[in-house]
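Participant: need a structure here:
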Amino acid sequence: MTVLPDDGLTLASEFPDAPHEQWQHLVAGVLRKSGKEVSGDAAEDALSTLLEDGLDVRPLYTARETAPDTGLPGFAPFVRGGRAEGNTLGGWDVRQRHLAADNDMVLADLENGVTSLWLGAGGTGIPVSSLAKVLDGVYLDLAPVVLDAGDETAAAAELLFGLYEERGVADDAALGNLGADPLGHEARTGRPSYDLASVTGLARRCADRYPGLRALTVDALPYHEAGGSAAQELGCSLATGVSYLRGLTGAGLSVAEACAQLEFRYAATADQFLTIAKLRAARRLWARVAEVCGAPDAGAQRQHAVTSTVMMTRRDPWVNMLRTTVATLAAGVGGADSVTVLPFDEALGLPDAFARRIARNTSTVLIEESHLARVVDPAGGSWYVERLTDELAHAAWEFFQVIERAGGQEAALRSGTIGERLAETWSARSRKLATRREPITGVSEFPHLTEKPVERTPAPAQPTGGLPRVRRDEAYEALRARSDAHLAATGTRPRVYLAALGPAAAHSARVSFAANLFQAGGIEPVTEGTFEESGAREVCLCSSDALYAEQAATAAAELRAAGAEHVLLAGRPADHPGVDSYLFAGCDAVALLSTALDRMGVS
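Facilitator: Coordinates of the predicted model:
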């Protein structure tokens, strides 16, 4: 038997450490082949990716990266988790949302893996008077209930208190959140329907009698769903939380008691590392707020993560299952206490039983089969995650300070400061979506024109009048809707003929590129037969740059003689007589497609 030396395996010691400069030199050599003459730090910078909020993702992270001490799990500043054991004792709380008064659906969720309920009540959601019926058969001492009743919060809370009394639920067994969130409601509706003073009594009641029940939610989803960045979402949540702390302490609660009445709700997206960093940074920032307010022992921020509606698509909605799986993974790894997986058909209406089953099983698979909850803070110690968490925390704190200088969350909402900043962020992101720099699988990339539409019962109308609700697919959805209407009216979709020049080796890549782009706008590409047989009025030339130089002008002239009204070319703009417009990687696909539909008479 071979005995290892005291210092363990020494195989690596036989190889000298490669200095960082050597890696940069190799990167510079590769970039030089593509025509970029850079070296040293500039070579590394060339491979960096700029995210929103000025965050810079580097191509390589090493032990040279610096970040503040993250502490230990369960201890301030809670970067590594709010509890020392993390979610290892049973995974995160699987919380499902219900917008319809359907007791059977509620019980089916609870019997098949869901551990808490999020009820959209009041307004167009579940009637407050129907809450008792919806919760019939639900063990309220086992399944936490989270209300979301807007300006009917007080009435919904009183009904829930009554159910606790009626069913003999012990005060310390009542779990969940009454969901009071006046600023979040104002962000949604644009009107101050109720104020914090009207719900401070609920907070006092929970603090005195129901230790497991919180009164307020700090919902950051309105800011995410209006197009805000991760830092803006965090900054708005901090400003809202601070506003609630001021109101609650002014009503007689201590800072620690006030902190214990708040639960924070964040969006989880398919950008897994940014989501992980966002949840970790949120706990760190709130720990700093509690410390400054005089309650360093107030405990960790309670977090509820919800898979993003912004990322959900209406076309090819099945891909949403993949998006929500990645987002749920990120929420769990990031340390969220509760996670809501929205069904894949959420953008189409009320989910069916299959969609709800897939949603709740997403968490079950990640917890029970992938064992994500067995490790506390799985991403902790990653140089990339720690650096990203730190940079995001600083960006969020900066935006929080902008809001505070504007007079706080309430004033910044009413003055339009927040709306303007979110709109600027979404405008910049919309440009990336339009140019397909940020691709959307099934929509702007690999669309399926002949897919059978997924139809669902319309969902209750959501509150309007405040911040807008955006989706990544909205520009392409508008184009596809125009194509659908044309198909319904004429029996055919708008078409474009792809004229391939030369052998397949010369044109296949650009034929695929052009076909993909046109289908994103609902325009059917025709590649078989002649232009005259295609029924198209527009044509797109597809080939190599070399063949374009030789044949593009002649081909364009011949196609015009055959009746083509507009000639496009798949490639970078160049001097090609007879060519009207160009499509290329990075072009504004939405503008190009919209203009093409206009020319085709598709309204």
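
Participant: what's the closest non-adjacent residue to residue 245?
Facilitator: Residue nearest to residue 245 in three dimensions, not counting chain neighbours: residue 258, with 5.0 Å by CB to CB, 6 or more residues apart in numbering. Quick note: C-beta positions are derived from backbone N, CA and C, even for glycine.

Participant: distance of the one you found from residue 364?
Facilitator: 35 Å (CB to CB, to the nearest Å).

Participant: got the contact list for residue 32?
Facilitator: The contact partners of residue 32, by CB atoms under 8 Å, 6 or more residues apart in numbering, come to none.

Participant: name the element it belongs to?
Facilitator: Assigned by DSSP states H and E, residue 32 belongs to helix 20-33.

Participant: And that helix, how far out from the chain middle?
Facilitator: Taking CA atoms, centre = their mean, to the nearest Å, one finds helix 20-33 lying 35 Å from the centre of the chain it belongs to.

Participant: Tell me how many other residues crowd residue 464.
Facilitator: Residues lying near residue 464 (other CB atoms under 10 Å) number 11.

Participant: quick one, what contacts the residue lying closest to it once chain neighbours are set aside?
Facilitator: Spatial nearest neighbour of residue 464, excluding adjacent residues (CB to CB, 6+ apart): residue 189 at 7.2 Å. Contact analysis of residue 189 by CB under 8 Å, 6+ apart lists 150, 463, 464, 465, 466.

Participant: 6 Å - rerun?
Facilitator: By CB atoms under 6 Å, 6 or more residues apart in numbering, the contact list for residue 189 reads 463, 465, 466.

Participant: what do you get for residue 579?
Facilitator: So residue 579 contacts 556, 567, 569 (CB under 6 Å, 6+ apart).

Participant: Among those residues, which lie within strands?
Facilitator: Using DSSP state E, the subset of the contacts of residue 579 located in strands is 567, 569.

Participant: most surrounded residue in the contacts of residue 579?
Facilitator: Within these, neighbour counts (other CB under 10 Å) peak at residue 569, which reaches 27 neighbours.

Participant: if we look at the sheet, which residues does that residue bridge to?
Facilitator: According to DSSP bridges, the partner residues bridging residue 569 are residue 541, residue 582.

Participant: quick one: it from residue 576, how far?
Facilitator: 6 Å.

Participant: What of residue 295?
Facilitator: 69 Å.

Participant: what do you get for residue 298?
Facilitator: 67 Å.

Participant: go on, residue 73?
Facilitator: Residue 73 is 62 Å from residue 576, by CB to CB.

Participant: same deal with residue 382?
Facilitator: From residue 382 to residue 576 the distance is 49 Å (CB to CB).

Participant: now residue 401
Facilitator: 53 Å.

Participant: So between those two, which is more surrounded?
Facilitator: residue 576 (19 against 13).

Participant: And the contacts of stretch 472-488?
Facilitator: Applying CB under 6 Å, 6+ apart, the contact partners of stretch 472-488 are 310-311, 313-314, 433, 440, 443-444, 493-494, 520-522, 590, 593, 597, 602.

Participant: Can you redo the contacts of residue 579 as JSON lines, where the extra columns are distance to residue 77 and pLDDT?
Facilitator: Putting the contacts of residue 579 into JSON lines (distance: CB to CB, whole Å; pLDDT from 0 to 100) gives the following:
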{"residue": "556", "distance to residue 77": "64", "pLDDT": "96"}
{"residue": "567", "distance to residue 77": "61", "pLDDT": "97"}
{"residue": "569", "distance to residue 77": "56", "pLDDT": "97"}
